[in-house]
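J.: Give me a model of this one.
(4 chains)
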There are 2 protein chains.
Amino acid sequence: MLTTALTCGYNEIFCGIVCGMVTQKQIARELGLAVSTVSRALTGQPHVGEATRKAVLAAAERHGYRPNAVARALRRRETRMIGVVVPDMLNHFYAACTTVLQESFEDHGYGMLLAVTGNDPQRERTALARLRDAQVEGVVLVPSATPRSTGPLDLPVVEMIRTSGRTQVDTVQCAEHETAAEAIGHLASLGHRRIAVIAGEPEFSTTRERVAGARAALAGLGLPPARVLTRDHTRAWGTEAMRQLVTGEEPPTAVFAASSELALGALHEAQRLGIGIPGRLSLAALGNTDWFDVCRPPVTACAQPLAEVGMISAQILLSRLAGARRSPSHIRVSGRLVVRGTTSAPGARRDGDRPREASGASADGPANSPTGGLG
Amino acid sequence: MLTTALTCGYNEIFCGIVCGMVTQKQIARELGLAVSTVSRALTGQPHVGEATRKAVLAAAERHGYRPNAVARALRRRETRMIGVVVPDMLNHFYAACTTVLQESFEDHGYGMLLAVTGNDPQRERTALARLRDAQVEGVVLVPSATPRSTGPLDLPVVEMIRTSGRTQVDTVQCAEHETAAEAIGHLASLGHRRIAVIAGEPEFSTTRERVAGARAALAGLGLPPARVLTRDHTRAWGTEAMRQLVTGEEPPTAVFAASSELALGALHEAQRLGIGIPGRLSLAALGNTDWFDVCRPPVTACAQPLAEVGMISAQILLSRLAGARRSPSHIRVSGRLVVRGTTSAPGARRDGDRPREASGASADGPANSPTGGLG
DNA sequence: CGGCGCTCCGGAATCGTTTGCAGGCTAGGA
DNA sequence: TCCTAGCCTGCAAACGATTCCGGAGCGCCG
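T.: Below you'll find the predicted structure:
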């Protein structure tokens, strides 16, 4: 009784009757028809008399009939569901992609089953197993570090952002290598020679590519190899790594932080230690976020094409579901460098530990202006 | 052929055979048993001989049998799926709640079907319809502005964060009224008398409560009523509203921004106009985010208990699914004020338009220190 | 006028799983 | 020895929708 009271508030508009879900069988019985006829009428198939169709549609409308997607899925052997497996929805990085995925799938009549793994291979495995049990028709996956953890699936898979190393599946990534090189190129073009890199989990393909891209860029420019610190993508590691860098011997004049969280921690720590940015130390990040242009100073960063990555992943998966049989795609989407306030020539600012930023113009001027680079 | 090549990479661990999904029927045929016996053995029911059970389990293991969740859902009339409908996953506000929801549901063996509405009642309606069609067992919903848009559902619903005005459903909200009052109290205790409010969509219950809380607090303190500007939650509106306030007559000495995006826009605009914060203008926000303590100055804000809201919403829904029949709960969770660098006594700082923040200590000192308030 | 083709419709099988019911079997007590 | 209470197992009916097949009715052409 209470349950009825609790839930009927949401029924009033649509359901005249409180009880749940009218079925085709009930409509058929009411109209003295066969279930098959009702089904044909409701799905708009031919070979149904006009009068009969009208009657069925009217009855369906009257009772608020809605097809039972579970039964339909069982019989048609298509659930119109897609599974999406991401490490973390709090991370803007994945949230942005996922949002685009969701919209694309919805536009094409697919529902989205979301699973979060926290980069835990075990959770990833169970998530994939659950998705398979639910008979999803395809999966978009940000694979975790260990390649074997990618579970048992017998359906189209798109690996997004990270790759597990398999070449037989479609992959859509950011052009990490080139983007990192672009950031390094920017720092080098300002005159920096001692450039350090702070990066995340070395098991991730993203980290490896970013570090490799940075190293290659330095080598290509004839600069000394960078000091590279890797551990994870936490803000704490950004803080810790920055501390190590600036308190160590021969501190760098510029730091490339390979993710926004790392940049955040690094920036915070530098400011806590009284290191002027960009006066004494330049900082460039990979991965743009909302708050990079409200930080003081606003953070120079390579914006990653997250929406595009999501969009393309969705398109590829949808094309596979539509039956496309071309060989696997391996897409790489380029980002763009946004120069803001945390990078400048080494030792250029006279007001070393006390950057001016209250004028506002310096914050707004260069912000959001795309800049060419090594690309 | 290509499809096989594409997908079998994900089968290798679990499925010895490439073809999809062994069924109970096939196991039964192989062992010369009835399907019902196989089913009983697999679901661990009694009245199955030990030898038979062993054989069935072994065959299932060997073929990588997994129950078809769709068929099971149809027969058992339980999908073990929960629908979650939120306005926007890019908003940290909702992403945080959703993450907690997902984890809770997963821990209890439920999958999560996610829909995004963008605050569009039409999309909300279709999303709810789709969830109902998918036979989800419960829904967590951030209702959009118009109450009638909440669609036809005949199952437990929890309204999260916002409410549609119905009292028959469970609701879990932040204590907006009290939290807004706390922020106003903080500003007033610093000596501010001319306090303005920038808020979002007046249709949202959250906006109404925040504004009402602010107004009530001012009245209770004997202060003049605030100038209140409402429109939406975009950063652009924060910018625009701040411009109106400071260029208008009798500009306020303090501004309460009712969401983080609004605060972001407002802060940006104030700095662009050369208004010193907190020297000439104090700014307090409702809604904490990652970047509030890396802004310069770091933003004083009321942290909302998003994780708790998600957790409680999940618990309530799960208890309903377990059959709880108590009368509807209306939970309100309190936030806490985090005083950082954007609030001070009016005219207290001599270095008006050029706040010092590079020392770092001033940024770290008060940050993250919870402070009592009006509560 | 027979046959062919067409439309409209009902019966029944099917998707994979669960479950009520009944039959066969064994064991134990009367 | 017989009866009954149990355990194991198989048969068949569900769940709700789709779909194949076939039959009835009709019109049309040869």
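
J.: Going along the chain, name the strands of chain A.
T.: Applying DSSP state E to chain A gives strands spanning A:81-86, A:111-116, A:138-141, A:157-160, A:170-174, A:195-199, A:227-230, A:254-257, A:282-286, A:300-303, A:330-333, A:336-338, A:370-371.

J.: which of the ones you listed sits most buried?
T.: For the strands of chain A, the largest average neighbour count (mean count of other CB atoms under 10 Å in any protein chain shown) is found in strand A:254-257, namely a mean of 32. Any C-beta I mention is one placed from the backbone N, CA and C, and that applies to glycine too.

J.: That strand pairs with which strands, parallel or anti?
T.: strand A:195-199 (parallel), strand A:282-286 (parallel) (DSSP bridges).

J.: returning to that earlier point: can you check which of the strands of chain A gets nearest to residue B:124?
T.: Closest approach to residue B:124 among these is made by strand A:111-116 (15.1 Å; CB to CB).

J.: what's the closest one packed up against?
T.: strand A:81-86, helix A:92-107, helix A:121-133, helix B:92-107, strand B:111-116 (3 or more CB pairs under 8 Å, 6 or more residues apart in numbering or on different chains; DSSP states H and E).

J.: Those into a markdown table, with extra columns for distance to residue B:297 and mean pLDDT?
T.: Shown next, in a markdown table, are these (distance: least, CB to CB, whole Å; pLDDT from 0 to 100):
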| stretch | distance to residue B:297 | mean pLDDT |
| --- | --- | --- |
| strand A:81-86 | 34 | 96 |
| helix A:92-107 | 23 | 93 |
| helix A:121-133 | 39 | 91 |
| helix B:92-107 | 20 | 94 |
| strand B:111-116 | 34 | 95 |
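
J.: Can I get those in JSON lines including distance to DNA strand D?
T.: Shown next, in JSON lines, are the helices and strands packed on strand A:111-116 (distance: least, CB to the nearest atom of the strand, whole Å):
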{"stretch": "strand A:81-86", "distance to DNA strand D": "16"}
{"stretch": "helix A:92-107", "distance to DNA strand D": "20"}
{"stretch": "helix A:121-133", "distance to DNA strand D": "17"}
{"stretch": "helix B:92-107", "distance to DNA strand D": "24"}
{"stretch": "strand B:111-116", "distance to DNA strand D": "19"}
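
J.: Quickly compare those and say which is most buried.
T.: It is strand A:81-86: most buried of the helices and strands packed on strand A:111-116 by mean count of other CB under 10 Å, with a mean of 26.

J.: So what touches that one?
T.: Contacts to strand A:81-86, defined as CB atoms under 8 Å, 6 or more residues apart in numbering or on different chains, come from residues A:73, A:94, A:97-98, A:101-102, A:105, A:110-117, A:124, A:127-128, A:131, A:134-142, A:317, B:134.

J.: Kindly provide the distance from residue A:52 to residue A:209.
T.: Distance, residue A:52 to residue A:209, by CB to CB, to the nearest Å: 62 Å.

J.: Between those two, which has more neighbouring residues?
T.: Comparing residue A:52 with residue A:209 by neighbour count (other CB atoms under 10 Å in any protein chain shown), the higher total belongs to residue A:209, at 22 against 15.

J.: mind checking pLDDT for residue A:150?
T.: Listed pLDDT for residue A:150 reads 45.

J.: ah, wrong one, I meant residue A:347
T.: Value listed for residue A:347 in the pLDDT field: 75.

J.: Now for it, how many residues are close by?
T.: 11.

J.: Quick one: the helices in chain A, in order.
T.: Here chain A has its helices, by DSSP state H, at A:2-8, A:24-31, A:35-42, A:50-63, A:69-76, A:92-107, A:121-133, A:176-189, A:205-220, A:235-247, A:260-272, A:306-321, A:361-364.

J.: just so I know, which of the strands of chain A lies nearest residue B:162?
T.: Each of the strands of chain A has some distance to residue B:162 by CB to CB; the shortest is strand A:111-116, at 21.1 Å.

J.: Quick check: the residue in chain A positioned nearest to DNA strand D vs DNA strand C, distance?
T.: Proximity of chain A to DNA strand D (CB to the nearest atom of the strand) peaks at residue A:36, 2.8 Å away. According to CB to the nearest atom of the strand, to the nearest Å, residue A:36 and DNA strand C sit 3 Å apart.

J.: so what's that residue up against?
T.: The contact partners of residue A:36, by CB under 8 Å, 6+ apart, come to none.

J.: cool, residue A:131 as well?
T.: Counting by CB under 8 Å, 6+ apart, residue A:131 makes contact with A:83, A:85, A:113, A:115, A:139, A:153.

J.: got a pLDDT number for the last one?
T.: As predicted, residue A:153 sits at a pLDDT of 55.

J.: Any residues of chain A in contact with DNA strand D? List them.
T.: A:21, A:23-25, A:35-36, A:39-40, A:42-43, A:65, A:67-68, A:71-72, A:74-76 (CB under 7 Å from any atom of the strand).

J.: could you redo the last one with a cut-off of 6 Å?
T.: Counting by CB under 6 Å from any atom of the strand, chain A comes close to DNA strand D at A:23-25, A:35-36, A:39-40, A:42-43, A:67-68, A:71-72, A:74-76.
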